[in-house]
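Pasting a predicted model and its sequence here:
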Amino acid sequence: MASQVIAESDDLIQRGIAAQNEYRFDDAGLSFWHALSCIDASPDPKERRDQSLQLASFFLRVTHEDLALLAISEAIRLDEKLKDHASLVSHLIFYGNIHMRLGNTDEAKATFADVIERCLEIEDYGDAASASTNLAAMTANSGDGAGAIRLLRNSLQYLAKKPFPDTEFITHITMIQTVAFHDGDPALAVESGIAIGKTFSERVTDDLRQQLVQPLQTAVESYLKKKPQPNPEAWKKKNLAWIYSN
Amino acid sequence: MPLTAAGFAAELAPLESTDPIVQAVANNIRTAVKDSGVEHEIPGLKIYFPDFSKAKSDATTMASYTKGCQSILPSIVVVNAHFLLDTEAAIRSFGLYDELFKTPYLRNDACMFGLVKRVREDGNQWLQKLREFEQEKKSKQRNEIDELTLTILFFCAHEIGHLKDGVDGGQFVALLNKAAPFENRSANAAVKVRRHASEFEAYGFDLPGWKGAVDPQHEVFAATEKLRLKVKEEDEENADWFKKEISADNAAVKFMIHYLKDQAPMRRSLLIRGLFAASLYAWYDDFLTFCEAMNVPRMGTKPMLSFELMRDPEIYIRAASLFGDVHRCTILRSTLAIQEVLNADVNDGPKTKASDTFLDRVSALWSNLFGQDEAEKDESNQSWKVQSARRHLLLAIHMDTVVKLAYVGASMPWMKEKEEQRGTPQLMMIEYESIDQSVNRLKRMLGIK
């Protein structure tokens, strides 16, 4: 049963929602802030951690990113206190993702690097891969294509040890885009294209396909120059039907 | 009997704030001031950072009390620790976002008011959380104390400027007092805002169609001038104070240029970030106080100042309070300070014409600064310049409300005359821009969707 503190916090959230619905973002922000600060009074760190996490997700949804950052930061601090390493890692990824969304690249990168290190220590390869792929995307955006490709290859190695389809799908997409924008080894893009066709074809939407057709076809042409196939058209249809079919 | 320097020391030293950040900033500032050599000009210069809540009796009755910062002749500068902490809260709040356009407080006026309300109602706890947040950060980025130091140093340098000019009781800011009545004397209001409008015009902040307010040959100017003669003595005294404030601002800018000249160019960005957060926060703090006191209704997230002023033009008189007594507009001062500090970096100065608007000059300055990097293409250098330029430009754009209030307020005596001649009131609606409108203007200017 929720304690009185949590009930108070939930009540403040409802008041904040009512204010936000009337465009009173100032009063909404104030109620939401009180909903976060009041839980400091709870003597139970697990209860405080769980409520902080819920609030972080909620604040992000209602676009009070400052409060979301403070809430998830509180959850992380309490994870450490509770020595809950599994939660800690996923909350750190959440924290890094908020910074990434806000364009705080230094903090997001440092967070993902920290997550990778922590995860490898405890052989949590799934989360290590998530963090490595996120870090790769940011590294690519800041112009370091080689660094990004290295991180993506690391992600795929981690995923080979602990499959995590969502992350693997994103990693392959990021690989194709990174190779295209940074003149990477086309074989890597082709491998990712083949992997998407084999395992994730159901996830490929028309929009995504549109985005990937051109970079992947360019990579395929370069790849086939280096590794000619007896019947290139048949090879393309066989391995990358999702790109070459109409 | 007035207190001596020793008397002030006895009054202020026991109140010195024990807050660790205030102490850190105070130490940085004292060192910077000592290194500047200004003590040769002001022997025995002392800077105090009192926490007036520790006073045994009502602090506001103390001779040294200030809500912000003040100079006390011959050699004392007082910075209210509470003011410093509010500034810290503003800087840390804005500091949560590296990219200006991702800052949620800039989504609309209600979001800016939300930040002000949070600091007003629960400032200590909000600040504590922000400090804890910084400690938990994973990156090495730790700029907030530097930003705060540079910002408060600029305020202190203003007070030091007053001391050099022999001005007692000069204060950097005039925060709008909720408890005090707003300006209700039409002559004083019109004359005061005309002084501001004239200054705005001199810097290139004009308002097309309203130039008569600041043109001595124009009938609009003449109508206000008639009123000025009724309050001539007070106006001359205020005008004299206004000049002292400008002189102190100039001294502060010179101090900062000297202080920053041998430091990495990127350090300028910390001052720009600090001044941006502090001045925008201070403006919205005053604006919220004004809107609450005047019961200005909202439409969506925006205070409907336009409708209120159309419904009751007398509010222009009250709005003169937003300009303080003798102070220059806070956003203007920050914008000018940034402009001057950066001008010192541009070897041959921005290439602008006298007829250019302030925004033209700001744009030219930044083009020049970006041009300096063409050869080196230093990415981190480009990044701080992009973010600093956006902040500088946004402050200049967001002068919109104060510029309109000043020009239109200074034209009110003429409008009143015309209404009386005509026998019917003039319906006049001026659009006042919210922060999101200013942000959108900036984005359009930069070609950002």
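Received, thanks. These numbers were taken from a predicted model, which means no experiment stands behind them. Residues are numbered from 1 along each chain as shown, chains lettered A, B, ... in the order given.

can you list the weak-confidence ranges in the chain?
With no chain named, the answer covers chain A. A:1, A:246 (pLDDT under 70).

my question was about chain B
Scanning chain B for pLDDT under 70 picks out the ranges B:1-2, B:170-182, B:184, B:325-326, B:346-355, B:372-381.

So the residue most central in space within chain A, which state does it fall into?
With distances taken as C-alpha atoms, centre = their mean, residue A:134 lies nearest the centre of chain A, 5.4 Å away. The three-state label given to residue A:134 by DSSP: H, G, I helix; E, B strand; the rest coil is helix.

correct me, but it touches residue A:94?
No: at 11.1 Å, residue A:134 does not count as touching residue A:94 under the criterion of C-beta atoms under 8 Å. The C-beta positions use only the backbone N, C-alpha and C, and glycine is treated the same way.

for residue 234, what are its contacts?
Defaulting to chain A. By C-beta atoms under 8 Å, 6 or more residues apart in numbering or on different chains, the contact set of residue A:234 is empty.

actually it's chain B I care about, not the one you picked
residue B:188.

go with 6 Å
Residues counted as contacts of residue B:234 (C-beta atoms under 6 Å, 6 or more residues apart in numbering or on different chains): none.

That one is in what secondary structure piece?
According to DSSP states H and E, residue B:234 maps onto helix B:232-260.

How far away from the center of its chain is the very next helix or strand once past that helix?
Next helix or strand after helix B:232-260 toward the C-terminus (DSSP H and E): helix B:266-293. Remark: helix B:266-293 is offset 7 Å from the chain centroid, using C-alpha atoms, centre = their mean, to the nearest Å.

ok, now stretch B:417-429?
Its chain's C-alpha centre and that of stretch B:417-429 lie 34 Å apart, by C-alpha atoms, centre = their mean.

do stretch A:85-101 as well
Remark: stretch A:85-101 is offset 9 Å from the chain centroid, using C-alpha atoms, centre = their mean.

Report the buried residues of it.
For stretch A:85-101, the neighbour count (16 or more other C-beta atoms under 10 Å in any protein chain shown) marks A:87-100 as buried.

Which of these fall in helices?
When these are checked against helices (DSSP state H), the matches are A:87-100.

What are the boundaries of the helices in chain A?
Using DSSP H, the helices assigned to chain A run over residues A:4-21, A:25-37, A:45-61, A:65-82, A:85-102, A:105-121, A:125-141, A:145-161, A:165-182, A:186-199, A:206-226, A:232-239, A:241-244.

possible to save the ones you listed as JSON lines with distance to residue B:153?
Output for the helices of chain A, formatted as JSON lines (distance: least, C-beta to C-beta, whole Å):
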{"stretch": "helix A:4-21", "distance to residue B:153": "38"}
{"stretch": "helix A:25-37", "distance to residue B:153": "30"}
{"stretch": "helix A:45-61", "distance to residue B:153": "34"}
{"stretch": "helix A:65-82", "distance to residue B:153": "26"}
{"stretch": "helix A:85-102", "distance to residue B:153": "29"}
{"stretch": "helix A:105-121", "distance to residue B:153": "25"}
{"stretch": "helix A:125-141", "distance to residue B:153": "34"}
{"stretch": "helix A:145-161", "distance to residue B:153": "38"}
{"stretch": "helix A:165-182", "distance to residue B:153": "43"}
{"stretch": "helix A:186-199", "distance to residue B:153": "52"}
{"stretch": "helix A:206-226", "distance to residue B:153": "50"}
{"stretch": "helix A:232-239", "distance to residue B:153": "64"}
{"stretch": "helix A:241-244", "distance to residue B:153": "60"}
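
Of all these, which one is nearest residue B:429?
Closest to residue B:429 of the helices of chain A, according to C-beta to C-beta: helix A:25-37, at 24.9 Å.

angle of the closest one against helix A:4-21?
Helix A:25-37 and helix A:4-21 meet at an angle of 170 degrees, taking axes from the mean of the first three to the mean of the last three C-alpha atoms, to 10 degrees as the criterion.

Please report the number of neighbouring residues for the nearest residue to residue B:411 once chain neighbours are set aside.
Take residue B:411 and drop its neighbours on the chain: the residue closest to it by C-beta to C-beta, 6 or more residues apart in numbering or on different chains is residue B:213, 4.6 Å away. Residues contacting residue B:213 under the criterion other C-beta atoms under 10 Å in any protein chain shown number 26.

and residue B:213, how far is that from residue B:3?
Distance, residue B:213 to residue B:3, using C-beta to C-beta, to the nearest Å: 43 Å.

So which residues on chain A come close to chain B?
Residues of chain A found near chain B (C-beta under 6 Å from any C-beta of the partner chain) are A:23, A:25-26, A:29-30, A:33, A:37, A:65-66, A:70, A:73, A:102-104, A:106-107, A:110-111, A:114.

quick one: contacts for the closest residue to residue A:161 other than its chain neighbours?
Nearest residue to residue A:161, sequence neighbours excluded (C-beta to C-beta, 6+ apart): residue A:125, at 4.4 Å. By C-beta under 6 Å, 6+ apart, the contact set of residue A:125 is A:158, A:161, A:162.

Pull the residues that contact stretch B:421-438.
Stretch B:421-438 is contacted from outside by B:106-109, B:112, B:302, B:305-306, B:310, B:397-398, B:400-401, B:404, B:408, B:415, B:419, using C-beta under 6 Å, 6+ apart.

Would you mind listing what in the stretch 51-200 of chain B touches chain A?
Residues of the stretch 51-200 of chain B lying near chain A by C-beta under 6 Å from any C-beta: B:96-99, B:102, B:104, B:110-111, B:113-114, B:117-118, B:125, B:129, B:133, B:136-139, B:141.

Out of those, which end up buried?
For those, a burial check counting by 16+ other C-beta under 10 Å picks out B:96-98, B:104, B:110-111, B:113-114, B:117-118, B:129, B:133, B:137-139.

Give me the subset of these lying in strands.
Applying DSSP state E to those, no entry is found in strands.

and which of those residues is nearest to residue A:221?
residue B:98 (39.1 Å).

who are the neighbours in contact with that closest one?
Contacts of residue B:98 (C-beta under 6 Å, 6+ apart): A:103, A:104.

Angles on the backbone of it, please.
When read as degrees, to the nearest 10, the backbone of residue B:98 gives phi -70, psi -40.

Residue B:407 contacts residue B:207, correct?
Yes: with contact defined as C-beta atoms under 6 Å, residue B:407 reaches residue B:207; the gap is 4.2 Å.
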